[in-house]
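> Generate a structure from the sequence data that follows.
(4 chains)
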Number of protein chains: 2
Amino acid sequence: MNILVVDDEIEIADLVELYLKNEGYNVYKTYNSEQALKIINQRNIDLAILDIMMPNIDGFTLCQKIRQKHKFPIIMLTAKISDADKIKGLNIGADDYITKPFMPLELLARVKAQLRRYKNYNQNQNKIIAIKDLTIDKDKHECLKNGKKINLTPTEFSIFSLLAESENKVITTKQLFEKIWQEPYYPSSSATIMVHIRHLREKLGETPKQKYIETIWGVGYKIEK
Amino acid sequence: MNILVVDDEIEIADLVELYLKNEGYNVYKTYNSEQALKIINQRNIDLAILDIMMPNIDGFTLCQKIRQKHKFPIIMLTAKISDADKIKGLNIGADDYITKPFMPLELLARVKAQLRRYKNYNQNQNKIIAIKDLTIDKDKHECLKNGKKINLTPTEFSIFSLLAESENKVITTKQLFEKIWQEPYYPSSSATIMVHIRHLREKLGETPKQKYIETIWGVGYKIEK
DNA sequence: AATATATATTAAGAAAATATTAAGAAAAAG
DNA sequence: CTTTTTCTTAATATTTTCTTAATATATATT
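Numbers count the residues shown, from 1 in each chain, chains lettered A, B, ... in the order given. The predicted structure is shown next:
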């Protein structure tokens, strides 16, 4: 799950990031709204936490801008909040509020609640990850290239969706192996992965121009959105 | 409950969507009538909220088109409404009106009222799932192919309806087994399922052209609508 | 810059896993 | 007791996975 955190108070943003990361979420953190909008366009965000009081573009405005295109849950973060502000926020499209100072557990509880709710809304709609001209639908267990189906084996599909889900992050060969095989990693395992990566690339139709899976030398693999 | 919202005014549509979602409804939102018709065909809609003033196909026409096939409640949304318009709409098959600007609570109250009415009305009617030329009626415990009855054993029927209910989603062999047998899954269980799937396919009359149940290699089975 | 070393790619075939089919035994239902 | 349904087994077919080895490429060392 990819969570976006936007707060101009560095300490707060860092703290929120820490809590979320500890819980296993993938966190994108930024200290200003302009950057936030960029991240949203580039990543598959599942939930956003926005501070209201921010210079330039404030949290309300940012929330409004996000809602023009996206429907993932938005939680507003604020020092104090009047009922008027609360209503304003909800009208703009915010889903929940957290007032500072907040307890870590409260933050996590609200994040979880919103994600659960969001998932329920979309129960008939599968989550689709888009990577360039490819789409991956884990529920359907289907990978499409320009709408055309690509037949992947179970292992290939697992590898691809694991990389796609951790977009922009390098996954080491060891992590990859242990996550997918659920077995301890041996030096020979890297060869196995390489073969699968090769098959994947072949099936996805990688060309020197259009690369999907990046090799990070001596480390592992990465997929950029 | 699946609610369809159709309004060319983006802000209004988004707002309505928000209110409904906060109330726990599953919302399908679109800004034009053409899209709306598509959604209706693809999803099982329980209630629709239609704006009257829309370019191309207006709310009245859309309402009329929906009524040719469906009988879920339709609520019309409009800026101002004359008595003449009201009568026209009701004749066409609308169930209620809401005039803009509306209060959130009013919207929700009317939605709830209509759903309650619809539910009562349909309580004696069974929910039927349609898959290509097949229909499954869980209450009647009946499966029809082009109106002709197919005799399924209890287990076969359970498997088929479970897959049909989660249309477009892969059900792993393990999930399938545990849901239906209510027992822990053993490797040998997969053989049992395979046999039932084979019998099912035979009875449903699968041909290479007309496939109902898709095998997802190394994972499980899936039914696409 | 040349060489050595480590790591990655590619290809092919063997091995393993999974799926299909069919038939009959066991269990349950009528 | 008969019929229907479910499960087991086994033979066969198919697909996937892994191993190996030859080749290529990148990085480090001198």
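> Looking at chain A, which residue is nearest chain B?
Taking CB to the nearest CB, chain B has its nearest neighbour within chain A at residue A:154, 3.5 Å off. C-betas here are computed from N, CA, C, even on glycine.
> Please report how far that residue lies from residue B:80.
In this structure, residue A:154 lies at 59 Å from residue B:80, with CB to CB, to the nearest Å as the measure.
> Point out the other helices and strands that the lengthiest helix in chain A packs with.
With residue count as the measure and DSSP state H as the assignment, chain A has helix A:104-121 as its longest helix. The elements that helix A:104-121 packs onto, with contact taken as 3 or more CB pairs under 8 Å, 6 or more residues apart in numbering or on different chains; DSSP states H and E, are helix A:10-22, strand A:47-51, strand A:74-78, strand A:96-99, strand B:26-30.
> can I get those in JSON lines with distance to residue B:138, mean pLDDT and mean neighbour count?
JSON lines is the format used below for these (distance: least, CB to CB, whole Å; pLDDT from 0 to 100; neighbours: other CB atoms under 10 Å in any protein chain shown):
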{"stretch": "helix A:10-22", "distance to residue B:138": "41", "mean pLDDT": "95", "mean neighbour count": "16"}
{"stretch": "strand A:47-51", "distance to residue B:138": "35", "mean pLDDT": "96", "mean neighbour count": "25"}
{"stretch": "strand A:74-78", "distance to residue B:138": "38", "mean pLDDT": "89", "mean neighbour count": "23"}
{"stretch": "strand A:96-99", "distance to residue B:138": "36", "mean pLDDT": "80", "mean neighbour count": "16"}
{"stretch": "strand B:26-30", "distance to residue B:138": "20", "mean pLDDT": "91", "mean neighbour count": "19"}
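> quick one: the strands in chain A?
In chain order, chain A shows strands spanning A:2-6, A:26-30, A:47-51, A:74-78, A:96-99, A:128-131, A:134-137, A:142-145, A:148-150, A:171-172, A:213-216, A:220-223, with DSSP state E as the criterion.
> Surely the residue of chain A closest to chain B and residue B:173 touch.
No - because the distance of 11.9 Å does not satisfy CB atoms under 8 Å, residue A:154 is recorded as not touching residue B:173.
> And those two? Which one has more around it.
Of the pair residue A:154 and residue B:173, residue B:173 is the one with more neighbours under other CB atoms under 10 Å in any protein chain shown, namely 21 against 13.
> re the thing from before, and for residue A:154 and residue B:173, which residues touch both?
residue B:219 (CB atoms under 8 Å, 6 or more residues apart in numbering or on different chains).
> give the contact list for residue A:41.
Taking CB under 8 Å, 6+ apart as the test, residue A:41 contacts no residue whatsoever.
> quick one: it from residue B:136, how far?
Distance from residue A:41 to residue B:136, counting by CB to CB: 42 Å.
> for residue A:200, same thing?
As for residue A:200, its distance to residue B:136 is 37 Å (criterion: CB to CB).
> now swap in residue A:9 and tell me
Counting by CB to CB, the gap from residue A:9 to residue B:136 is 56 Å.
> what do you get for residue A:140?
Looking at residue A:140 against residue B:136, where the rule is CB to CB, the gap reads 20 Å.
> So the two - more neighbours on which side?
Neighbours were tallied for residue A:140 and for residue B:136 using other CB under 10 Å; the higher tally belongs to residue B:136 (23 against 19).
> From what I see, that one and residue B:127 are in contact.
No - Residue B:136 lies out of contact with residue B:127 (CB under 8 Å); the separation is 9.5 Å.
> still on that earlier bit, any idea of the angle the longest helix of chain A forms with helix A:10-22?
60 degrees (axes from the mean of the first three to the mean of the last three CA atoms, to 10 degrees).
> residues in contact with helix A:104-121?
Applying CB under 8 Å, 6+ apart, the contact partners of helix A:104-121 are A:1, A:3, A:16, A:19-20, A:23, A:25, A:46-47, A:49, A:72-73, A:75, A:95-96, A:98, B:21, B:24, B:26-27.
> let's see 10 Å
The set of residues external to helix A:104-121 that reach it, using CB atoms under 10 Å, 6 or more residues apart in numbering or on different chains, is A:1, A:3, A:15-16, A:18-20, A:22-23, A:25, A:46-49, A:71-75, A:77, A:95-99, A:102-103, A:127, B:17, B:20-22, B:24-27.
> Can you report how many residues neighbour the residue lying closest to residue A:141 once chain neighbours are set aside?
Once its chain neighbours are removed from consideration, residue A:141 has its nearest residue in residue B:170; the separation is 4.5 Å (CB to CB, 6 or more residues apart in numbering or on different chains). By the measure other CB under 10 Å, the count of residues near residue B:170 is 20.
> Name the nearest residue to residue A:174, sequence neighbours excluded.
Closest residue to residue A:174 in three dimensions, ignoring its sequence neighbours and counting by CB to CB, 6+ apart: residue A:185, at 4.6 Å.
> So stretch A:201-214, near DNA strand C or not?
Yes - with CB under 7 Å from any atom of the strand as the measure, stretch A:201-214 is seen reaching DNA strand C through residue A:201.
> Okay, buried residues for that stretch please.
Residues of stretch A:201-214 classed as buried by neighbour count (16 or more other CB atoms under 10 Å in any protein chain shown): A:203, A:204, A:212, A:213.
> restrict those to those near chain B?
Applying CB under 10 Å from any CB of the partner chain to those, one finds that nothing falls near chain B.
> Output those residues in JSON lines; the columns should cover pLDDT.
Formatted as JSON lines, the entries for the buried residues of stretch A:201-214 read as follows, by pLDDT from 0 to 100:
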{"residue": "A:203", "pLDDT": "88"}
{"residue": "A:204", "pLDDT": "89"}
{"residue": "A:212", "pLDDT": "89"}
{"residue": "A:213", "pLDDT": "89"}
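> Out of these, which comes closest to DNA strand D?
For DNA strand D, the closest of these turns out to be residue A:203, at 9.9 Å, with distances computed as CB to the nearest atom of the strand.
> Spatially nearest residue to that closest one, not counting backbone neighbours?
Nearest residue to residue A:203 in three dimensions, chain neighbours excluded: residue A:150, at 5.5 Å (CB to CB, 6+ apart).
> before we move on, the earlier item: and for residue B:136 and residue B:127, which residues touch both?
Contact criterion CB under 10 Å, 6+ apart; residues shared by residue B:136 and residue B:127: residue B:165.
> any idea which helix or strand of chain A has the worst average confidence?
Least confident helix or strand, chain A: helix A:83-92 with a mean of 65, by mean pLDDT, DSSP states H and E.
> Enumerate every residue touching residue A:71.
Under the criterion of CB under 10 Å, 6+ apart, the neighbours of residue A:71 are A:93, A:95, A:118, A:121, A:122, B:14, B:17, B:18, B:21, B:27, B:29.
> One more pass at 7 Å, please.
When contacts are counted by CB atoms under 7 Å, 6 or more residues apart in numbering or on different chains, residue A:71 touches no other residue.
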